[in-house]
Structure formats: C-alpha cells, structure tokens
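Participant: coordinates for the following, if possible.
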Amino acid sequence: MEKREAADRFVRVWQRAWTAHDVDALLELYAEGCVHRSMPFREPHRGRAALAEYLRWSFAGERVTEVRFSAPVVGEDGVAVAEFRVLTEEDSVPSTLAGCVFVRFDAAGLAVETRDYWHTVEGHREPEGALFFG
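Facilitator: The predicted structure is shown next:
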C-alpha cells in the first residue's frame, strides 16, 4: 500500500473510531508488533495487546463530542504526521485535547510506530488558528 493511502486511511479511521471508542477498528490500523508512544517520556505500548489496553483505559470515562484530524502530510521517508483536536467530557467535565501524531508504516500500510504529542485544557475551546496541516 502506498504511504499516502495508508496515512489517509489512518486519520479517517482514527477520526471515526475515536468518536465511537471503537478499539477494534483502531487496532486494524496497526501491525502486530507495533510500538506506540502516547507521550514522549512515557513507557511505550509494545504490540497490539498493549495498545488495546491503553486505548480502553484512555477511553474509560471519556465522552467524545467531536474529533477532527487534519489531512496528513507524508514526508519523503514515508513518515506521516497529522494534527488532531478532540472535544470531550471526562466525568462530566468538558475538556479540549489538541495534538499531533507521527506514524511510520510498513509495506502493507499498517502502523509499525506511532508517537503522539498533545495538550489538554479545561472547557471546550478552539485552539488559535486553523488546523496547521488542514
């Protein structure tokens, strides 16, 4: 699969599946031996089973009202990056999460390595400016 096609599919599925908390749909995007870093200094989640556990933990208590991803940018080396913005309520408290994800794909178009950088604020807020890659 071409990296551009894999990147487009990745953000399209993440946008839909995050809204629905559809862990199974998200796991289909990842290679069995994937490595996911949810923040730069946290221990990585290695393999689909560890990623599934992390996703279920992350989604617990979260009610999503909106998820938006930018169109991904794919570099010459095949690494893709996309920006995301998520409006949620956790334990009835509104918050906004804004961040980006970096993804490296294998030849089959599955994510073998991902790294997220994100920040949250209380309330539903629109970060300054349009989606950077949008």
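
Participant: now do the helices in this structure.
Facilitator: Taking DSSP state H to define them, one finds helices in the chain at 3-20, 23-27, 48-59.

Participant: and of the ones you listed, who's closest to P40?
Facilitator: Taking C-beta to C-beta, helix 48-59 is the member of the helices of the chain nearest to P40, at 15.2 Å. In this view, the C-beta of every residue, glycine as well, is placed from N, C-alpha and C.

Participant: what is the neighbour count of V73?
Facilitator: When neighbours are defined as other C-beta atoms under 10 Å, V73 has 14 of them.

Participant: thinking again about what came up before, most packed of the helices of the chain?
Facilitator: Across those, averaging neighbours per residue (mean count of other C-beta atoms under 10 Å) puts helix 3-20 on top, at a mean of 18.

Participant: distance to E128 and mean pLDDT added to the helices of the chain, as CSV?
Facilitator: As requested, the helices of the chain are exported to CSV (distance: least, C-beta to C-beta, whole Å; pLDDT from 0 to 100):
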stretch, distance to E128, mean pLDDT
helix 3-20, 21, 97
helix 23-27, 29, 98
helix 48-59, 25, 96
